[in-house]
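Peer 1: No sequence on hand, only this structure:
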């Protein structure tokens, strides 16, 4: 971990985290600035995030992970797709069929399976949440595991399976 980009960035992040805590979020790790010169913030994990918290609706630019609990795969996809953001998503599961099924349904620019969100040289970069019009770039996926490496992207929103022409 390194410092954030500026003092303003660490102040904004701390305001977002403290807002969540004051409104009932549970701190599982971290939760505050590191007392040293520079714009440092503890790696933080928060649970119990609710819609009235800034962290629920704002992007957090720093080492903060938010945990959300859902009751089903369908609920998880609906939750993920109900965001104004959509650059990338990450799916963590041991079930390959489930990972690929969920990846096909996410409205995001890039989907990473078994790896944190990031990028790869062979993937197009970008994306946004929400419906994609036919004929435009629909998304990409990247799989990383000890035994497989798979990537694909689909140029036609009507073909999100990565098949021929996609």
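Peer 2: Now that the structure is in, tell me what you want to look at. Keep in mind the model is a prediction, meaning the values are calculated, not measured.

Peer 1: Low-confidence ranges, this structure, go.
Peer 2: Where the chain drops to pLDDT under 70, the residues are 117-166.

Peer 1: Could you point out the longest helix of it?
Peer 2: Identified as the longest helix of the chain according to DSSP state H is helix 7-22.

Peer 1: For that one, list every residue counted as buried.
Peer 2: Along helix 7-22, these residues count as buried under the neighbour rule (16 or more other CB atoms under 10 Å): 10, 12, 13, 14, 16, 17, 19, 20, 21. All C-beta spots, glycine's among them, are computed from the backbone N, C-alpha and C.

Peer 1: which residues touch the first one?
Peer 2: For residue 10, the contacting residues are 3, 4, 33, 39, 40, 41, 62, by CB atoms under 8 Å, 6 or more residues apart in numbering.

Peer 1: Parallel or antiparallel, which strands does the following helix or strand past the longest helix of the chain pair with?
Peer 2: Proceeding N to C from helix 7-22, the next assigned helix or strand is strand 26-29, under DSSP states H and E. Paired strands of strand 26-29, with direction, are strand 44-47 (antiparallel) (DSSP bridges).

Peer 1: what element comes up after the strand it pairs with heading to the C-terminus?
Peer 2: That would be, after strand 44-47 and using DSSP H and E, helix 54-57.

Peer 1: list the helices and strands that next one packs on?
Peer 2: Contacts defined by 3 or more CB pairs under 8 Å, 6 or more residues apart in numbering; DSSP states H and E place helix 54-57 against helix 7-22, strand 64-67.

Peer 1: Grab the nearest non-local neighbour of residue 61.
Peer 2: Closest residue to residue 61 apart from its sequence neighbours, by CB to CB, 6 or more residues apart in numbering: residue 9 at 6.1 Å.
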